[in-house]
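In: Got a sequence here, can you model it:
(2 chains)
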Amino acid sequence: MNVAANRSHPGDIAPGAGVDAAASAAPYPMLVIDAEGRVTRHNAAASAVLPDLRSGTAAAGAVPPWLAEPVDGAEVRGRIGERLFAAHPTALEDGSTAWWLVDDTEYRLAVDELAVERERAQFLIEASNALLSTLNPERCMEVAARLAAKHLADAAVVVAPAIGRRLPMTLCARGGPVERRAIAVDPERVPGLEEALRGFPPVPSRWIDPGSAPEWLMPKGFGGVGSVAITPLPGHGVPAGALVLLRTSNHAGFSESEEEFAALFAARVGAAMSAARLYAEQASITDVLMRELLPPRLRQIEGVELASGYRPAGDSARVGGDFYDIHLTEGAGTATRALVALGDVCGKGLEAAVITGKIRNTLHALLPMADDHHRMLSMLNRALVTSDHTRFATLVLASIARIGPHVCLQLTSAGHPAPLIVRRDGGVEEAQTSGSLVGVLPEVQSATAHTTLAPGETCLLFTDGIPEAKGGPMGDELFGVARLKRALGECAGMPAEAVVERVQMLAAQWVGEGKHDDMALIAITAPRGTHLTAVDGTTAGRYTA
Amino acid sequence: MTAPTATPPSPERPADGGSVPFMPGARAGGVPPERTEETGPWVEKLWSAAASGDEYAALDTVRSALASGLDTETVLLDVIGAVQHRVGVEWAANRMSVADEHAATAINDRAIASLPPHRIPDRAHGRVTVACVDGEWHALPARLLAEVLRLRGWHVDYLGAQVPSPHLITHLHRTGADVVALSGSLPTRLPTAHAAITACQAVGASVIVGGAAFGPGGRYAGRLGVQGWAPDARSAADLLSAGLAAPGAAHQVTDDLPHLSDQEYTLVKRSARQLVRHTFSALAERFPAMAAYDEEQRERTAEDLAHIVDFLCAALYVDDVGLFTGFLAWTADILTARGVPAASLLPSLDLLEEQLRDFPRTRDLLAHGHRALTEKIAADGTGQGKPV
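Out: Modelled structure (predicted):
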C-alpha cells in the first residue's frame, strides 16, 4: 500500500516502484521534464491531453510554451486546446521537474462569470442610483449615455422620441464629453431604430449592418463602427426612446448575453426618463397655474419706494394664504396714485392660495372705487359671503398719492394688524384704523386713517405671521408687535427694501429652525434724497438730503 | 466676583449677532479687494454715497467709473465689493448702525442693478445656479458672483438670499444646472449648508462654496465634500472656468463627517434651547443684579447665550475647535468695541460645561474656548471686572 500516492500533494511522492505505478495510473496528467528540457516520463492522462508527448524527446513543441519553464516552484496556468489548466511543479532531486496538471476550466469559467455578474450587479446599482437621483430629462439622458459608454460599449447614444421633426439625442464616446443634438433626421434610415422608438421588441444586433449607421448617430470623431445594438427604452405605457450602443471594428460584436444585459439597463433608463418627463410636464402645469397665485413683482411708482417680502409657511411651498397686490389707479390731478392691498386668508397652502387669487381678482375689478375703501371692502365682503367656500380674510388697503416729496396715505384695516409708520426721528406709530374682517358678516365696518410720509419715513403693512412668529433665544416666545416696533425704530431713513429685509431677517432669525406661519410685508417709503434736476446721464444732478 | 453691571451686554449692543455682515473667519479669510490707483477714488466716492444713504450719488459714481474706462467686472468687485467689505468692517467696529448697514447694502444692490445689461449666455459655458444657504441673509456676495459669471458668459440663475433646500433642488431638477454656487457667512448654518450640498450632489450637480461660513482658507468646505471653494467671486469664476470635478455618488452626511456618529452634535443641538434657558436662570442666580435688568438687556443676554450654543453646535458638527474659539475671540472684540468687558462670556462657558460634562468632544471645545478667551483677555487687557 502506498500512502504517498493517496496524498493530494504531488510534492510528497517518494521514490519507488509503487509510486511509479500510482503516478502512471493517476487521474491527473503528470509529466517530468529534465534540466535539458527533455520529457523523461509522463502518464496516460498526460498523453490524453498532450498527444505529442514522447518520453526522451524535447518538451518544446509537445507542451505549450507556458509550461516550459518553472517559475520558482510556483504553479502556472494556461490553455491547452479549449481547456484551462493549472500546472503544479515539483522539483526532483536529479534537477528535473515533475508537472501535475489540473483541469480547472469549469472553475475558472464560474469565477469569470461570477466576476462579470458582480460587475453587472454593481453597474446596475450605480446606474439605478444615478438615474433615480435626477428628475431632469436632459440630465437623465446624459447620465444614461455616459454610463452606457463606460460599461456597455465604445460609444452610446440615447435617442428620445421625436419632438416635431427633430430627434433629440445625447451622445457619448467612452471617456469623452457628452454631446447633445436635436436634428431633423429620419429614424427609419437606421434599421432597428424606428422599431425601438415605436416600442417594438429589439432587433438582434447581428441583423444590423454596422455600415448602415449614419454619421449623425455617432459622437464626434468616432470612426469605424464594427457593430451596433439598439434597445428600446420602455416608458410608462409609451416608449421613452432608444438606446444605441456602438462598438468600433477592433472590438467583438455584441453577444446575446450582452444584449440581454443592455435590455436590463435600458429598462431602468426608460423608467427614469419617463419619470423625469412626467415631472417636467407636471412642473410646467404647476407653473402656469401658479403664476396667478404667486406674489406679484412690485411695480415702482415715481417718487415712492415700494418693497415687499413673502415667505410661505412650508419650506417646499411657494404660495400660501398671505397675499399682496399693487395696482396703479386713476388719480386726481398730477399725483400718481396706487392701491396696495395686503391680507391673509384663513388657512394655509395651496387651498388658501386659490382663495387669495379670487380676492385679488375681485379687488382688481373694484379698482374704480379705490378711493372709497369702505365701499370696496363692502363689495368684496359681499362677494366672499355669497360664494361657496367658507373662508374669510383680513386685509389692509393703502392708497398712495405723491405730493411733492411727500407721500399721502389712506389706510384701512379690515380685521388686520394696523400698519406701522416709522417717522424720521425713529418714532413708530400705529395707523389709527380698524374694521371687521371680510367674508363672515353681511356688512363690514371700517375706519380709515389718513397720514403723510415725509422723506425717509416708511409705512409697513404686514401679516400676523410676523408678530406671531414663535421662537427667540429661549425658543418659546412670540416676536410680538412691541419687538417689531422696536426693530422699526432703527429703520428711520432706510430705503424700503432695507426695511423689508431687516424685518424679514429678524423674524426669520427669531423663528430659527422652528415652524412659522406665512409671512408677508410691504414697505411704502418716501425716498430720502429727492432728485431736483434732471440728470442727462453724464453730469451729476443735485439732490436734497 | 464681578461688578454685576459688567456682566450684561449694554443696551448699545446689536440686538442680533445674525445681522453681522462678516462672522469669525471673515477677519482671517475675508481679504478686502485690492485697491489700485484706478479703483481707490471710486471706492471712496461710493463709500461716502452708500454710508450717507445717497442712492443717486451712488448710481452716478458707478456710471462715472464705467465712463472713466473701468470695466464692469472691476466696478463690481473692486469698487462695489470693496465698499461692501468696508460696511462689514465699520459695523464690527461699531462705527455704523445696523440700519446704516442695511441702507448701504440696499444702495450697493441698486448700484449693481444699474450696471449695463449682460451679453447673451455662451453655450460653451454651462448653466450655474447661484444661491445663499437657507438662513443666510447676506445676499450681496452671491449677487456679485452671479453678475461676474454672467459677464463671463455663463447662463446664471440667481436665487438670492435664504433659499430653502427643497426650492434649490426643485430648481435643479427644472433647469438641469451643472454647477451650484452656494454662499454663506454664518458658520452656524453649516449643517444646513451641508444638507443642501449633499442634496445638490445627489441630483448630479457639482458644488462650489464661498463665504466666511466655510472658515479661514475654506477649512470647513473640504470636510463637507464640496467640489470647490473660493475665497472671492473672481477666483470662484476662475475655478468654474477651469472645470469642477463631477460630484461623487449619492451619500449620507456621516460619510463626510464620520465623527457625527458619536451623537454629540445631535444631543447638544436637540437640547440647545433648554441649555439656553437653564444657563440663563443659573446666571440670574449667580448674579443677583440681573434681576434689575430691563427686558431688552435680558433678551440680549439670552441671545448671547443662544449664539454661544449655536456656535458650539456648529463646531461639534464640523469637529473644529478653531470655529468655536474663533467665534469667542470675535465676540470679545465686538463686545469690547461696544464697551462691554469680554470677560462677561466666561461664566456662561462655565455653566455650559457643568451641564455638558457627559460629552467629551463638547467638554473639550468648551475648555479650549475658555482658555483661548482668558488668554485673549489677558493679552488685550480688556478683562476688567473678572468674574468668579
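In: before we move on, what SS does the residue most central in space within chain A have?
Out: With distances taken as C-alpha atoms, centre = their mean, residue A:134 lies nearest the centre of chain A, 3.6 Å away. Put simply, residue A:134 is coil when judged by DSSP: H, G, I helix; E, B strand; the rest coil.
In: longest strand of chain A?
Out: Counting residues, the longest strand found in chain A (DSSP state E) is strand A:393-403.
In: Okay, buried residues for it please.
Out: Neighbour counts over strand A:393-403 (16 or more other C-beta atoms under 10 Å in any protein chain shown) mark A:393-402 as buried. Placement of C-beta: from N, CA and C, glycine included.
In: And for stretch A:475-490?
Out: For stretch A:475-490, by 16+ other C-beta under 10 Å, it's A:475, A:479, A:481, A:483-490.
In: Please state the offset of it from the chain centre?
Out: 39 Å (C-alpha atoms, centre = their mean, to the nearest Å).
In: Point out where the chain drops to low pLDDT.
Out: Using chain A here. For chain A, applying pLDDT under 70 flags the ranges A:1-19, A:69-71, A:299, A:315-316, A:330-336, A:388-390, A:529-545.
In: you looked at the wrong chain, it should be chain B
Out: Scanning chain B for pLDDT under 70 picks out B:1-34, B:382-388.
In: Can you check which helix is longest in it?
Out: Counting by DSSP state H, the longest helix found in chain B is helix B:295-318.
In: Show me what counts as buried in that helix.
Out: B:297-318.
In: returning to that earlier point: just flag the most distant two among the buried residues of stretch A:475-490.
Out: Longest distance between any two of those is 25.2 Å, between A:475 and A:489; criterion C-beta to C-beta.
In: For residue B:329, give its distance to chain A.
Out: Counting by C-beta to the nearest C-beta, to the nearest Å, the separation of residue B:329 from chain A is 22 Å.
In: ok, back up a step: quick one: distance of the longest strand of chain A to the chain centre.
Out: 42 Å.
In: Which strands and helices lie in contact with it?
Out: The helices and strands touching strand A:393-403, judged by 3 or more C-beta pairs under 8 Å, 6 or more residues apart in numbering or on different chains; DSSP states H and E, are strand A:337-345, helix A:349-365, helix A:373-385, strand A:406-414, strand A:458-462, strand A:519-525.
In: Now do that strand against helix A:373-385: the angle between them, please.
Out: Using axes from the mean of the first three to the mean of the last three C-alpha atoms, to 10 degrees, the inter-axis angle of strand A:393-403 relative to helix A:373-385 is 150 degrees.
In: Strand A:519-525 and strand A:393-403, what's the angle between them?
Out: Relative orientation of strand A:393-403 versus strand A:519-525 (the same axes, to 10 degrees): 10 degrees.
In: how about the helices and strands packed on strand A:393-403 in TSV, adding distance to chain B and mean neighbour count?
Out: Output for the helices and strands packed on strand A:393-403, formatted as TSV (distance: least, C-beta to the nearest C-beta, whole Å; neighbours: other C-beta atoms under 10 Å in any protein chain shown):
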stretch	distance to chain B	mean neighbour count
strand A:337-345	20	25
helix A:349-365	14	18
helix A:373-385	30	20
strand A:406-414	16	23
strand A:458-462	11	27
strand A:519-525	11	27
